[in-house]
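Undergrad: Quick one, fold the following:
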Amino acid sequence: MSKKEQFCQYIRECEKSMYILAKGIVKNDADVADVIQDSILKAYTNFDSLKDKNKFKPWIMRIVHNTAIDFIKKQREILNSEAQEQVSMPEPSIDKETKLTIWEAVQKLNFPYQTVIILYYYDGYSAEKISEITSTSVVNVRQQLSRGRKKLANLLNEEDFIQ
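TA: Model prediction:
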């Protein structure tokens, strides 16, 4: 299998997770496409530097995360105002009404809570892997997960979400 074929296979395996992470950070589908395109280009350019190909997914997820964060920073500079960073949660395997309620609640969480919740609960990454992807300490990731859970629980208990 050629380098190009191997790379494309890895990308196909990770495309859904890449989309969810980028969408959660930049929110707009057009911007998500730009972030993913830039991430894939960066990854392909540096694919030879990845020594352990079994670690491709955490590696590409870190690239997507960093590219999305850089994109947000550039947008802030262009707009010269603070952007509100929110992440959309992928749908878990529960009934549609509950999925929608959780989705709406997670969208109201602030960054970085959405990112760590997505990576932990929906992509199945450990706190250690999330710390690598987001370039923060494991302790910080665990703290963000704990705070994110509490904020999510509070949002889900508010009357606006109870129908």
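Undergrad: What is the neighbour count of residue 5?
TA: 9 (other Cβ atoms under 10 Å). For every residue, glycine as well, the C-beta is placed using N, CA and C.
Undergrad: Give me the phi and psi for it.
TA: Residue 5 adopts backbone torsions of phi -60, psi -40, taken as degrees, to the nearest 10.
Undergrad: Tell me if I'm right that residue 29 and residue 35 touch.
TA: No. Applying Cβ atoms under 8 Å, one finds residue 29 not in contact with residue 35, separated by 10.5 Å.
Undergrad: Among the two, which residue is more densely surrounded?
TA: residue 35 (28 against 11).
Undergrad: Where does the more buried one sit: helix, strand or coil?
TA: Here residue 35 is recorded as helix under DSSP: H, G, I helix; E, B strand; the rest coil.
Undergrad: low-scoring stretches of this structure, by residue?
TA: The model of the chain has pLDDT under 70 over residues 76-100, 102-103, 106-107, 122, 158-163.
Undergrad: nearest residue to residue 23 other than its sequence neighbours?
TA: residue 32 (4.9 Å; Cβ to Cβ, 6 or more residues apart in numbering).
Undergrad: residues contacting that neighbour?
TA: Counting by Cβ atoms under 8 Å, 6 or more residues apart in numbering, residue 32 touches 19, 22, 23, 26.
Undergrad: got it, and residue 116?
TA: 130, 134, 141, 144, 145, 148.
Undergrad: is it true that the second one touches residue 115?
TA: Yes. The pair formed by residue 134 and residue 115 meets the contact definition of Cβ under 8 Å, at 6.6 Å.
Undergrad: returning to what we had before: please point out which parts of the helix or strand hosting the residue nearest to residue 23 sit buried.
TA: Assigned by DSSP states H and E, residue 32 belongs to helix 29-45. Residues of helix 29-45 classed as buried under the neighbour-count rule (16 or more other Cβ atoms under 10 Å) are 31, 32, 34, 35, 36, 38, 39, 40, 43.
Undergrad: how much space between the fifth one and residue 145?
TA: Here the distance between residue 36 and residue 145 works out to 25 Å (Cβ to Cβ, to the nearest Å).
Undergrad: Surely residue 63 touches residue 44?
TA: No. Applying Cβ under 8 Å, one finds residue 63 not in contact with residue 44, separated by 10.3 Å.
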